[in-house]
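Enquirer: give the three-dimensional model of this entry:
(chains A, B, C and D)
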Number of protein chains: 4
Amino acid sequence: MIRFITAGESHGKCLTGILEGLPAGLPVSAEAIDLQLRRRQVGYGRGGRMRIERDEIEITAGVRHGRTLGGPVSFVIQNRDWSHWRIAMSVEPVEEDANVRPITRPRPGHVDLAGALKYGTYDSRDVLERASARETAARVAGGSFCRVLLEAFGIRIGSHVVAIGTEHVSGEYENLEPGKIMEIDPFSPMRCADAAAESRMKALIDRAKEMGDTIGGVAEIVASPVPPGLGSHTQWDRRLDGRIALCMMSIPAAKAVEIGSGIEASASFGSAVHDEIFYDRERRRFFRETNRAGGIEAGISNGGDIRVRLYVKPIPTLRKPLRSVDLRTKEPFEAAFERSDTCVVPAAAVIGEAMLALALAEAFMEKFGGDSIAETRSNFEQYLRSLEQY
Amino acid sequence: MIRFITAGESHGKCLTGILEGLPAGLPVSAEAIDLQLRRRQVGYGRGGRMRIERDEIEITAGVRHGRTLGGPVSFVIQNRDWSHWRIAMSVEPVEEDANVRPITRPRPGHVDLAGALKYGTYDSRDVLERASARETAARVAGGSFCRVLLEAFGIRIGSHVVAIGTEHVSGEYENLEPGKIMEIDPFSPMRCADAAAESRMKALIDRAKEMGDTIGGVAEIVASPVPPGLGSHTQWDRRLDGRIALCMMSIPAAKAVEIGSGIEASASFGSAVHDEIFYDRERRRFFRETNRAGGIEAGISNGGDIRVRLYVKPIPTLRKPLRSVDLRTKEPFEAAFERSDTCVVPAAAVIGEAMLALALAEAFMEKFGGDSIAETRSNFEQYLRSLEQY
Amino acid sequence: MIRFITAGESHGKCLTGILEGLPAGLPVSAEAIDLQLRRRQVGYGRGGRMRIERDEIEITAGVRHGRTLGGPVSFVIQNRDWSHWRIAMSVEPVEEDANVRPITRPRPGHVDLAGALKYGTYDSRDVLERASARETAARVAGGSFCRVLLEAFGIRIGSHVVAIGTEHVSGEYENLEPGKIMEIDPFSPMRCADAAAESRMKALIDRAKEMGDTIGGVAEIVASPVPPGLGSHTQWDRRLDGRIALCMMSIPAAKAVEIGSGIEASASFGSAVHDEIFYDRERRRFFRETNRAGGIEAGISNGGDIRVRLYVKPIPTLRKPLRSVDLRTKEPFEAAFERSDTCVVPAAAVIGEAMLALALAEAFMEKFGGDSIAETRSNFEQYLRSLEQY
Amino acid sequence: MIRFITAGESHGKCLTGILEGLPAGLPVSAEAIDLQLRRRQVGYGRGGRMRIERDEIEITAGVRHGRTLGGPVSFVIQNRDWSHWRIAMSVEPVEEDANVRPITRPRPGHVDLAGALKYGTYDSRDVLERASARETAARVAGGSFCRVLLEAFGIRIGSHVVAIGTEHVSGEYENLEPGKIMEIDPFSPMRCADAAAESRMKALIDRAKEMGDTIGGVAEIVASPVPPGLGSHTQWDRRLDGRIALCMMSIPAAKAVEIGSGIEASASFGSAVHDEIFYDRERRRFFRETNRAGGIEAGISNGGDIRVRLYVKPIPTLRKPLRSVDLRTKEPFEAAFERSDTCVVPAAAVIGEAMLALALAEAFMEKFGGDSIAETRSNFEQYLRSLEQY
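Expert: A predicted model of the protein is given here:
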């Protein structure tokens, strides 16, 4: 049973994560996780901070001599800038003259106001530190352990950017086959396979940056190959598409989630939407020539690639002034917020990969069970054999 | 702590649901639930069966003398057609000569193939009976108890259809205020406030029906007014938007979920996306003039109306032949499937209302606690007072 | 993932249960469940009501043609006396002149007072109906499905009574081997293998009955054979002993739970407590000659029989008057309560069997996974082979 | 919603815990937690290691300026001996010549054999490191945050030792009132209020130590005062007694759990077991003169003190040789194990306090909700007022 929980504030000492439910004996390394953490940090449109800092994981439990032990894996990601925040984010009480000013000017689009009301504080820092996208570094780390598990069974996960603002990839790149997606340089700043679109996307980001504005976009995350049978139609909260939607929509800037060609399907006739079924006698398996379903039918993986689209809003921290109201005085103010990120869509794609890995690993372990990688593998392979003999 | 679980096959004896976590003393009636069940059954584009059958709930536990007891509420919805299915869906073994033929011809777009592989059966009926949209009747019932809870605190939930296939409501109806949505006749077959669009939608459904085809669409579900502070940014799986996405994406034909103007936001500059903050000194509360966020910022309700869009694929059962392969023989076949539904978008809207109610009730009880409606109300009102005094 | 939830009031229309997580293809029958329900109803010291009524399950979903479908199994147990309670326990509001008198006189030892305060009612019936031991009929039903699952893998569960009040079985029956326990007549009213002790127990129950009193006792529940490796030491809430303790202590009259010779161990030196380890080269397996651990070490089944003792308090409904206070008037009263049960220990043993089956099935499915009984069996057998080759 | 998860191996770098669900604004300090950690480490019968090392918590998230933020609290407890274990417990792979010898000689009574079989390893260190009682340091830390929460509402938790081996406190100390228990020196090595019994207990521990043996015992943990209404009778897994039993039985050496006078009750007539109900008109509340129920009736706290007994087996690591079998060679061996602890009952009492705090905090937050301590307090106080006005 996979469980995953994170802790940590953006400018606190460190992020912490505990991931439970990996079988014992799985080879894992900090390097493999760090690679994903670095991928989260690149991205055209990210500010200078991201280029300087480099997140690194320290695995503190659950792994011995390069292999999982079967118990909870814990890890931390240090905040390299912690020395500057020791007072403002001190765990201990600080002197009154420490001059830590509360943040009373809530930014629209952030947790600042809703969180302050919910948790009863007049200092938005109390909530915005945890709501910060920095928390997703811990998710990428946790999800990357899940990715390592899935990769041990041949399941790969990748992503590409299909739109930045109004700039879309051309049609042929809309349904890019997973192989091509996996081929994209892991550190590609744009994560876009369509070179022409990439140029337009970059130009749009540049323009947004010049204007002191930000820009949203769309990323597609895929997993391939995925065995049929993950997830279940039998209860509303066990459906794989629902579980994936939970994982994806929980990403800070996500405002919509699509499985396969879901939005197009909603505008279509049924005859154009469903994936006909064929059988390959040689390889002894069913297959489809299309995958509009995004690899999931009735909440169960159907053997096709899993395709998910994440619609990312532009981040709300802009130089362009937005109107807001002071928490204490209730006086309106109009203020710009300095931050260097213009576009986070490529980063969101990488986070989306991690969250998809989490959702799939959960369903995978539920189906195949096993306490050691050998046992899980035996169960997995026996299932594959049973499919061939079906 | 709200828990909700359903059981039952489409042609089995009955659907059953158990909903746990409602406070004691909440007035509920079968009539209030039946009204919602009937709403699920109307809808332009539904077949004849829906017009004849009328689902009715029988509450079998958890309610006494018209009020909840604080324990689990159980209910059943009988299958009125059960007498015809006593053999095919018998719980007990049947005689070999009962002539119950297995369904070996899987329909694309359904659970038929993926479910048969997962559960190791050569009779798709073993899985399609549970995957049937009929299960959503139990969800509507369960969600409607949650709706009754929310209504006791003034929170109303409604929906409207914003697109059928390529036919959209006009711009002014895109962001229809909740009051107008709640005014739509609960039994409106199209659930569309834009009369002109409604005509076009109906015509499109008629056309699809003539062609033996089906058609998808988009429904918007809203909750209003919603207090700020439901859900939490503090952990990925406690975010309200993620919880809503899980609830929504689990609806059988759902293939995409959008919060607020999420898809439009992904194509926009940040300056056009975020909802500026104002303060009304008279009513002593913060407010927004826009609600592109759909009432949720950082996974927390922000006091605005919650707006969710559900993208519904056309149902996969069509008269137009689709190619598939026999489970046993692996022989291809090309077959049409008779079913009377052409469009289920209005029904999906009603199901979406129920699932939104479930997600909100869960977050509501987590924040306000309480074992009796009086206690929950006291907690709720004290919180509202604290917001006024903030 | 096993989930189990029940609903229903003692004098309501019916009890309902939903059990989720059984693999598909498991042969089950209402008869097998009814047998367990009847076992719950016999028992020396039970009143006349129990001898007349006979609980029967109706499976309403999740089973087709004698086999599970892999989805949730739902069932009901009708209240045969419902016609007499239609007004007092009506779901709908009743006329004011219906003359349903609230129960304002709370019985010590029952939910009556604590529940009334928690749920804010002046009618203890609102809470005592659900707290009634009748709810355990639904647990026996749900647990018996789990038993059927375990039996498909050779794991049997049985119980015997080791003490009634101060009357204990003699030493040789204290650690009775499972085979002997399973041999006890399933419908034995005393469930005691020690004939001499049984006579003394019966005499003590008779004496209590004459006095208008009630009497407690101790039951031991065993599972055998159990493969090593169920449960886990890796997290506090995944330990098998903890999960069993939750299941057992939740039985209404349970006030203590013991694994193996736990209480004796607490009074012992370590050298007398631990089970030395041996190896049988022929059968290729580790074994113990003692089982003081009750089959669980560090929260994991160790291959020995699982032995759990349930300490049952005498039921609090007695003819002997106990002092209490009226909920409304706060006036003291002294009242006797008529009820026919004198001793429920043999029944508690049967309920304990069901709850142990639930705990073991949960751990079993978590380890072995699988969506069909064939898949689960393949995984299980491969694990057993790996143990032989260890 | 309280969630608590720990990670870490006994000789790994550190233990880590994440506790979620505390309301914001609760004053907490590392000192308060450290005090409890130190209490876990004292204890007559503990070895020298315990007296030298001193566990200290480092709070790494969830607390700012001395108050909780409402999000997950994370913490670590460093292993002060880590430098000696960097190779043996290295996260990274080690050189073959690092000479880390696998532990192939499983100790009876430990996880060594069952865990090795479950997780498929021939090195028991892979499992025994996590199963070690050291993990309970993280539990004490997490539970102590819960204790701080409960104390903010006046609920105090304490414990005393009632038996070591066959040495019991005298009758008058059996049902010691909570005030007296709380008065015991927090660092008392024996945690026994009965001075005469304490001497006998110490002598028995000394004797065991001389013999190279170990000894078990019984600790009682109490919470007082506890408002009525925590937990619920409405579902088997929501009962407070069941939740407490899960928490308690999960403590490594625990083999039995008793609520109130449960074991004595099982040997008694009902007339001697139940706590009669009285009403104090002045203080406007119901009360009991006895508390045999241990403060819980039907799974709900009844307003009395919660009393739980934990039966602790003697730890299985003894100098006296026990027979076992080598994992690889299957050869029998007879070996003594050096370890300095003779008796862990006083430590188990402190761990029991933490786990009781966890169980109560969970039920407390479920009933009272609230996201800030002010909100939770308001809800709590309003409930207390409603009880007075009942």
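
Enquirer: which ones are touching the residue of chain A found nearest chain C?
Expert: For chain A and chain C, the shortest gap (CB to the nearest CB) falls at A:Gly369, measuring 2.7 Å. Quick note: C-beta positions are derived from backbone N, CA and C, even for glycine. The neighbourhood of A:Gly369, defined by CB atoms under 8 Å, 6 or more residues apart in numbering or on different chains, consists of A:375-376, A:379, C:365-370, C:379.

Enquirer: show me where the stretch 151-300 of chain A has strands.
Expert: When assigned using DSSP state E, counting those that start in this stretch, the strands of the stretch 151-300 of chain A occupy the ranges A:156-164, A:167-168, A:217-224, A:254-259, A:278-280, A:285-287, A:296-297, A:300-301.

Enquirer: hang on, the earlier thing: give me phi/psi at the residue of chain A closest to chain C?
Expert: Summarising the backbone geometry of A:Gly369 under the convention degrees, to the nearest 10, its torsions are phi 60, psi -160.

Enquirer: show the pLDDT at it.
Expert: What the model reports for A:Gly369 is a pLDDT of 98.

Enquirer: how about the nearest residue to it, chain neighbours excluded?
Expert: Taking CB to CB, 6 or more residues apart in numbering or on different chains, and ignoring the residues beside it in sequence, A:Gly369 has C:Gly369 as its nearest neighbour in space, at 2.7 Å.

Enquirer: same check, this time on A:Arg328
Expert: Counting by CB to CB, 6+ apart, A:Arg328 lies nearest to A:Thr104, which is 4.9 Å off, once chain neighbours are set aside.

Enquirer: element containing that neighbour?
Expert: Assignment of secondary structure by DSSP states H and E places A:Thr104 within no helix or strand.

Enquirer: ok, it to chain B distance?
Expert: Between A:Thr104 and chain B the distance is 12 Å, computed by CB to the nearest CB, to the nearest Å.

Enquirer: and the helices in chain A?
Expert: For chain A, the helices defined by DSSP state H occupy A:30-41, A:48-52, A:112-119, A:125-131, A:135-152, A:171-174, A:178-183, A:195-210, A:240-249, A:262-266, A:345-368, A:373-389.

Enquirer: out of these, nearest to D:Thr60?
Expert: Checking the helices of chain A against D:Thr60 by CB to CB gives helix A:135-152 as the closest, at 11.9 Å.

Enquirer: quick check: angle from the closest one to helix A:30-41?
Expert: With axes from the mean of the first three to the mean of the last three CA atoms, to 10 degrees as the criterion, the two stretches helix A:135-152 and helix A:30-41 enclose an angle of 130 degrees.

Enquirer: helices or strands up against helix A:135-152?
Expert: Using 3 or more CB pairs under 8 Å, 6 or more residues apart in numbering or on different chains; DSSP states H and E, the elements in contact with helix A:135-152 are strand A:3-7, strand A:14-20, helix A:30-41, strand A:73-78, strand A:156-164, helix A:345-368.

Enquirer: and the third one, average pLDDT?
Expert: Model confidence over helix A:30-41 averages 96 on the pLDDT scale.

Enquirer: do that helix and chain B meet?
Expert: No: with CB under 8 Å from any CB of the partner chain as the measure, helix A:30-41 is seen stopping short of chain B, the closest distance being 15.0 Å.

Enquirer: so what's A:Ser271 closest to, chain neighbours aside?
Expert: Distances taken as CB to CB, 6+ apart put B:Lys320 closest to A:Ser271, at 4.6 Å, once the chain neighbours are dropped.

Enquirer: please name the residues that touch that neighbour.
Expert: With contacts defined as CB under 8 Å, 6+ apart, B:Lys320 is in contact with A:270-271, B:211-213, B:336.

Enquirer: swap in 10 Å and give it another go.
Expert: In this structure, B:Lys320 makes contact with A:269-272, A:274, B:211-214, B:336-337, judged by CB atoms under 10 Å, 6 or more residues apart in numbering or on different chains.

Enquirer: kindly report the same for A:Asp371.
Expert: For A:Asp371, counting by CB under 10 Å, 6+ apart, the contacting residues are A:23-25, A:70, C:229, C:232, C:234, C:300, C:366-368, C:383, D:115, D:117-120.

Enquirer: now, of the residues you listed, which are buried?
Expert: A residue is treated as buried here by neighbour count (16 or more other CB atoms under 10 Å in any protein chain shown); on that basis the buried members of the contacts of A:Asp371 are A:23-25, A:70, C:229, C:232, C:234, C:300, C:366-368, C:383, D:115, D:117-120.

Enquirer: the residue of chain A closest to chain C and C:Ala361, how far apart?
Expert: When distance is defined by CB to CB, to the nearest Å, A:Gly369 is 13 Å away from C:Ala361.

Enquirer: likewise for A:Ser271?
Expert: If you go by CB to CB, the gap between A:Ser271 and C:Ala361 works out to 45 Å.

Enquirer: and the two? which has more neighbours close in?
Expert: Between A:Ser271 and C:Ala361, counted using other CB atoms under 10 Å in any protein chain shown, the more crowded position is C:Ala361 (26 against 19).

Enquirer: apart from its neighbours in sequence, what residue is nearest that one?
Expert: Across the structure, with CB to CB, 6+ apart as the measure, the residue nearest C:Ala361 apart from its sequence neighbours is C:Cys146 (3.6 Å).

Enquirer: A:Trp85 and A:Ser10 touch, don't they?
Expert: Yes: taking contact to mean CB atoms under 10 Å, the distance of 9.1 Å between A:Trp85 and A:Ser10 places them in contact.

Enquirer: name the residues contacting each of those two.
Expert: With contacts taken as CB under 10 Å, 6+ apart, A:Trp85 and A:Ser10 have A:79, A:129 as neighbours in common.

Enquirer: alright, I will stop here.
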